[in-house]
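> no sequence on hand, only this structure:
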């Protein structure tokens, strides 16, 4: 009902506007989002260094992929990309990796990529990447990329406006009281006669008023009915249910080979951190494992479960930040450990209502 009412209002206002001769405003399209990268150089150089992002504007719930590419001549020998993870400020590195070197047009091309996510909205700057390499004449040359700017928005926030369009002073100025297309007059001329609108203004006001009254009545009736209905607000889903469901989904994806070992350990660590954060009311998601160790020492968690949680996080860190890949049995064992931690820390009185109901049924039978 509300949709039809709004449609009638829009049609009515558009009709009145067309009759009155008002000009409709036009909107300016949003600017296209483009990625920012280091400027490309000619292939005659012995070394080319580039950096880029897949998107220059994201929200706090989205990730941006930061890629650094190194192209070096084969005669320069082996040149490695530096580890720039410690120079990135304001972002969390949720995932990273590198590609095997390839040869193309006399260049050896290597790449490193980082999945970044920001927790706060604002403007961020990715620092330049710098490499020093020797030349044939014995001198040392430095290659350096440019800074990359990334805009992080809140979820659901509109993109920044470019500003209202300004008046354009192009062309010759013209008096608003002058008549378009008229020739310069030697003297004063009389005004033109009134132009008939085809419909008498009184009838126009009467029809418009009747339609507005009908729309207002429909809106009042709709909101009255909506107010009389009960609004049911569903409570948030418990943290242990969310964690158990995500662990089961992660195990199913692992069995179907739809996720690799490194991504599997990244997500497993994230699920366990988020559950412990909600259960213990501690900020553990963005903390290192060493910081979590200090925080769990004073938390209300059983010592054996605290040790198991830290051991699981450390095993995930080994896979996340090194090239070590465990067997499938050990990877599934970590999922079982996280499952045990959630089950042994979840509320124990969940089955109490069912037990009471069974006792009442037994008493009624007796």
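It's in. This structure is a prediction, so every number in the text was calculated from the model and none was measured. Residues are numbered from 1 along each chain as shown.

> helix, strand or coil: sort out residue 119 for me.
Going by DSSP: H, G, I helix; E, B strand; the rest coil, the secondary structure assigned to residue 119 is coil.

> confirm that residue 65 sits in a strand.
Yes. Residue 65: assigned to a strand according to three-state DSSP.

> need the pLDDT of it.
On the pLDDT scale, residue 65 is placed at 94.

> so what's it closest to, chain neighbours aside?
Spatial nearest neighbour of residue 65, chain neighbours left out: residue 54 (4.4 Å); criterion: C-beta to C-beta, 6 or more residues apart in numbering. Using the backbone N, CA and C atoms, a C-beta is placed for each residue, glycine as well.

> the one you found and residue 126, how far apart?
The gap separating residue 54 from residue 126 is 12 Å, by C-beta to C-beta, to the nearest Å.

> the more surrounded of those two?
residue 126 (26 against 12; other C-beta atoms under 10 Å).

> the nearest residue to the more buried one once chain neighbours are set aside - how many residues pack around it?
Using C-beta to C-beta, 6+ apart and skipping residues adjacent in sequence, the residue nearest residue 126 is residue 148, 4.2 Å away. Residue 148 has 21 neighbouring residues, counting by other C-beta under 10 Å.

> what's the answer for residue 332, then?
15.

> any idea which element it lies in?
Counting by DSSP states H and E, the element that carries residue 332 is helix 328-345.

> start to end distance for stretch 83-99?
14 Å (C-alpha to C-alpha, to the nearest Å).

> number of residues surrounding residue 330?
Residue 330: 12 surrounding residues under other C-beta under 10 Å.

> list the contacts for it?
residue 315 (C-beta atoms under 8 Å, 6 or more residues apart in numbering).

> ranges for the helices of this structure?
Along the chain, counting by DSSP state H, helices occupy 2-20, 201-228, 239-255, 261-280, 289-297, 303-321, 328-345, 352-365.

> I'd like the distance from the helix holding residue 332 to the chain centre, please.
Centroid displacement of helix 328-345 relative to its chain, using C-alpha atoms, centre = their mean, to the nearest Å, is 30 Å.

> and it, which residues are buried?
For helix 328-345, a neighbour-count test (16 or more other C-beta atoms under 10 Å) marks 331, 334-335, 337-339, 341-342, 345 as buried.

> check stretch 78-95 too.
For stretch 78-95, by 16+ other C-beta under 10 Å, it's 79, 84, 88, 91, 95.

> what are the phi and psi angles of the third one?
The reference is to residue 88. Per-residue torsions, residue 88: phi -80, psi 120 (degrees, to the nearest 10).

> with the second one instead?
Dihedral angles phi and psi of residue 84 (degrees, to the nearest 10) take the values phi -100, psi 10.

> please renumber the chain so that the first residue is 240 from this point on.
I'll keep to 240 as the first residue from here, and by that count the last item is residue 323.

> show me what contacts it?
307, 351, 353, 366, 368.

> which of those residues sit farthest apart?
Maximum pairwise distance among the contacts of residue 323 (C-beta to C-beta): 14.4 Å, between 351 and 366.

> neighbour count for these two, which is higher?
Neighbours per residue (other C-beta under 10 Å) separate residue 351 from residue 366, with residue 351 holding more: 21 against 13.

> now do the contacts for the more buried one.
Contacts of residue 351 (C-beta under 8 Å, 6+ apart): 306-307, 320, 323, 335-338.

> what bridges to it?
Under DSSP bridges, the beta-bridge partners of residue 351 are residue 307, residue 337.

> check it and give its pLDDT.
91.

> and it, how far is that from residue 290?
The gap separating residue 351 from residue 290 is 10 Å, by C-beta to C-beta.

> what touches both of those two?
306-307.

> can you pull the contacts of the residue lying closest to residue 578 once chain neighbours are set aside?
Once flanking residues are discounted, residue 578 sits nearest to residue 486: 5.4 Å by C-beta to C-beta, 6+ apart. Residue 486 sits next to 507, 510, 574, 577-578, 581 when contact means C-beta under 8 Å, 6+ apart.

> so residue 486 versus residue 582, what's the distance?
On the measure of C-beta to C-beta, residue 486 and residue 582 end up 10 Å apart.

> and which of the buried residues of stretch 317-334 is nearest residue 427?
Nearest to residue 427 among the buried residues of stretch 317-334, with distances taken as C-beta to C-beta, is residue 330, at 71.2 Å.

> just checking, the closest one touches residue 363?
Yes. Residue 330 lies in contact with residue 363 (C-beta atoms under 8 Å); the separation is 6.7 Å.

> re earlier: of the contacts of residue 351, which is the nearest to residue 565?
For those, the nearest to residue 565 is residue 336 (17.1 Å; C-beta to C-beta).

> tell me, how many residues neighbour the closest residue to that closest one other than its chain neighbours?
Take residue 336 and drop its neighbours on the chain: the residue closest to it by C-beta to C-beta, 6+ apart is residue 352, 6.0 Å away. Using other C-beta under 10 Å, the number of residues around residue 352 comes to 17.

> related to what we said a few turns ago, tabulate the contacts of residue 323 (JSON lines), appending distance to residue 499.
Shown next, in JSON lines, are the contacts of residue 323 (distance: C-beta to C-beta, whole Å):
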{"residue": "307", "distance to residue 499": "21"}
{"residue": "351", "distance to residue 499": "17"}
{"residue": "353", "distance to residue 499": "17"}
{"residue": "366", "distance to residue 499": "29"}
{"residue": "368", "distance to residue 499": "26"}
